[in-house]
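Student: predicted model and sequence below, questions to follow.
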Amino acid sequence: MHSSLEPQREDSLFQKWLHLVLMGTVSLGCSFVYDIPQALQVQFQNTPLNLDYFKFDMLYSVYSIPNIILPLLGGCFTKIVGVRLALIIFAYLVLQGQMIFGFGVYWGDYTCMIIGRVIYAVGAENLYLAQLTMAVQSSSSKELTFVIGWNNSISYLANVINGLTTPLIFQKSQKLWAPSVFGVILCLVSLFCALGVSCMKRTKESPLPMYEPTSPMKSFCSEVVKYLKEVPALFWALTLYYIITFPDFKAFTDNMNDQVHKRFGFNYIKAAQLGLLYYMQLIIVSPLLGILIDKYGKRWYWLVTSAILAVASHLLFSLLKTQADEGYIVVLPLILLGTAHAIFETTSWSCICIAAGEDKVEMGFGIAASGMNAMTVLVLIILGKVSDHSKKIEFGYFYSEIFLEIIAIGSILVLLTVMRFDFVAGKTLFDNRSRKEEKITEISPSFAGTEDDDEKRCLVSPN
């Protein structure tokens, strides 16, 4: 009897990991092409493009500008059409945007590059949102943080591949557009992975809103209003914390290679390779931290640790002096800030997911992403202006690090406020076992993946 069940168990385990690999790889191409400008910042700011800091930062700002609103619509769109179809559509938009951006680089047309980045942005942010939604719908509550960490790990592996290959592709080809072609290939691979994971049966679609045939828009708007009323205060507090904190990491990584190159005496290839130390923390720490959090909880401990590491890292960057020769002291703040980013990214998304509840997760992620992108646009614009007006002091990076230090300190103050909300709500996120999880039917990872199990999966709403 047991022997007859063993093949089914092995098939379920294989399907689980196949689903994880395909789901994670959906964002591989998207994450790779995002940082192509950063890996080639020195070349983009020289002939033939000659971009100043403001124009260069606009390549990232235009990613965030449309996504001030679009994740809200993307969350609604994902809920209506289903996460599987949404994943395919958004992956296709990413591919099209990268192709247009590549043509812009080839022609030396900055406007075309901007248009490509905007189209890419429409697909990319919503692709991440759909990927997170699929993670929630296909995972049990005891493995959710690990799955989110796994997806983050694959995404940042793409950043490592970008840091290794993009400068080398340019060096070998001496063609500024060549890395963009490689990015198109990876986006095509991600599109095929989206098609593959959408054909699997592990994902349990969220129920669609019931619309009146005569007035679908009115009914849908009423669903949105109802959602906003039902979301607990803890969700809004966590969202505010995420909105303020994320741009601190984003603004640093957008100019990371250039700062290492100019301030610490490394050529642009070595600077890109040292930048990989930052992303290696995101690749290694994210899934391991996910396992620990799923088992022991204590999410607040990790968020406080992340905040302290971020403040210390920016302080180090502002205090370190410019060096003509290779100054490997930069390794320390890079590793510290990368670790802080990994802890923040993995822990905060799982907290937002739990606070929102599984039935509201698409729109919850959309709200958080929209607010984050609005803040990122503002921070990048200010940072670009600060760098351009202080180039004579540490190549413009002294005051930019001071600015990011202020944001990091502000995020700690917001985090303390969020912790108060959580303690009032009964320590929802403090202890993994503090809520009544014994009422949930947990699924063993070895047997995850059957349609019957999908019906049992749920997240506990803090309400």
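Tutor: In hand now; what should we look at?
Student: the nearest residue to Thr165 once chain neighbours are set aside: which element?
Tutor: Distances taken as Cβ to Cβ, 6 or more residues apart in numbering place Phe182 nearest to Thr165, at 6.7 Å, with adjacent residues excluded. The way it works is simple: take the backbone N, C-alpha and C, and place the C-beta from them, glycine included. Phe182 belongs to helix 178-198 when assigned by DSSP states H and E.
Student: distance from that helix to the middle of the chain?
Tutor: The chain centroid and the centroid of helix 178-198 are separated by 18 Å under Cα atoms, centre = their mean, to the nearest Å.
Student: hang on, Lys175 in a strand?
Tutor: No. With DSSP: H, G, I helix; E, B strand; the rest coil as the criterion, Lys175 is located in coil rather than a strand.
Student: how many other residues sit next to it?
Tutor: Using other Cβ atoms under 10 Å, Lys175 has 13 neighbouring residues.
Student: now Val414
Tutor: Other residues within reach of Val414, judged by other Cβ under 10 Å, total 18.
Student: again with the one 3 residues further on
Tutor: In terms of burial, Thr417 registers 11 neighbours under the definition other Cβ under 10 Å.
Student: do Lys172 as well
Tutor: Close neighbours of Lys172, defined as other Cβ under 10 Å, add up to 9.
Student: residue contacts, Val105?
Tutor: By Cβ atoms under 8 Å, 6 or more residues apart in numbering, Val105 lies in contact with Leu49, Met113, Leu176, Trp177, Ser180.
Student: please read the previous query as pertaining to Glu405.
Tutor: Glu405 makes contact with Val311, His314, Leu315, Ser318 under the criterion Cβ under 8 Å, 6+ apart.
Student: can you check Trp150 too?
Tutor: By Cβ under 8 Å, 6+ apart, the contact list for Trp150 reads Leu20, Gly24, Ser286, Pro287, Gly290.
Student: is it correct that the first one is in contact with Val147?
Tutor: Yes. When contacts are counted by Cβ atoms under 8 Å, Leu20 is listed as touching Val147 (7.0 Å).
Student: ok, these two, which is more surrounded?
Tutor: For Leu20 and Val147, the more surrounded residue by other Cβ under 10 Å is Val147, and the numbers stand at 24 against 21.
Student: and Ile269, how many neighbours does it have?
Tutor: Neighbour count for Ile269, taken as other Cβ under 10 Å: 18.
Student: quick one: it from Asp248, how far?
Tutor: In this view, Ile269 and Asp248 are 27 Å apart by Cβ to Cβ, to the nearest Å.
Student: now Tyr156: closest residue in space that isn't a chain neighbour?
Tutor: Leu282 (3.7 Å).
Student: ok, the one you found - contacts?
Tutor: Contacts of Leu282 by Cβ under 8 Å, 6+ apart are Asn152, Ser153, Tyr156, Asn159, Gly338, His341, Ala342, Glu345.
Student: I'd say the fifth one and Tyr279 touch.
Tutor: So that's Gly338. Yes. If you go by Cβ under 8 Å, Gly338 and Tyr279 touch, sitting 6.7 Å apart.
Student: residues contacting the closest residue to Ile88 other than its chain neighbours?
Tutor: Once flanking residues are discounted, Ile88 sits nearest to Ala194: 4.9 Å by Cβ to Cβ, 6+ apart. The contact partners of Ala194, taken as Cβ under 8 Å, 6+ apart, are Val26, Leu87, Ile88, Ala91.
Student: run the chain-centre distance for the helix or strand Thr145 falls within.
Tutor: Under the criterion of DSSP H and E, Thr145 resides in helix 144-173. Put simply, helix 144-173 sits 12 Å off its chain's centre (Cα atoms, centre = their mean).
Student: average pLDDT for it, rounded please.
Tutor: Computed over helix 144-173, the mean pLDDT rounds to 86.
Student: could you list the buried residues of it?
Tutor: If you call a residue buried by 16 or more other Cβ atoms under 10 Å, then helix 144-173 has these buried ones: 144-163, 165-167, 169-170.
Student: ranges for the helices of the stretch 301-450 of the chain?
Tutor: If DSSP state H, counting those that start in this stretch is used as the criterion, the helices of the stretch 301-450 of the chain fall at 331-356, 361-388, 397-424.
Student: buried residues of the second one, list them for me.
Tutor: So that's helix 361-388. 361-377, 379-381, 383-384, 386-387.
Student: for it, packing partners?
Tutor: Counting contacts by 3 or more Cβ pairs under 8 Å, 6 or more residues apart in numbering; DSSP states H and E, helix 361-388 is packed against helix 53-64, helix 70-81, helix 110-137, helix 233-254, helix 331-356, helix 397-424.
Student: and the angle from the last one to helix 331-356?
Tutor: Taking axes from the mean of the first three to the mean of the last three Cα atoms, to 10 degrees, helix 397-424 and helix 331-356 form an angle of 30 degrees between their directions.
Student: show residues contacting stretch 256-270.
Tutor: Here stretch 256-270 makes contact (Cβ under 8 Å, 6+ apart) with 38-39, 41-43, 163, 167-168, 171, 271-272, 274-275, 278, 317, 320, 322-330, 334, 394-395, 397.
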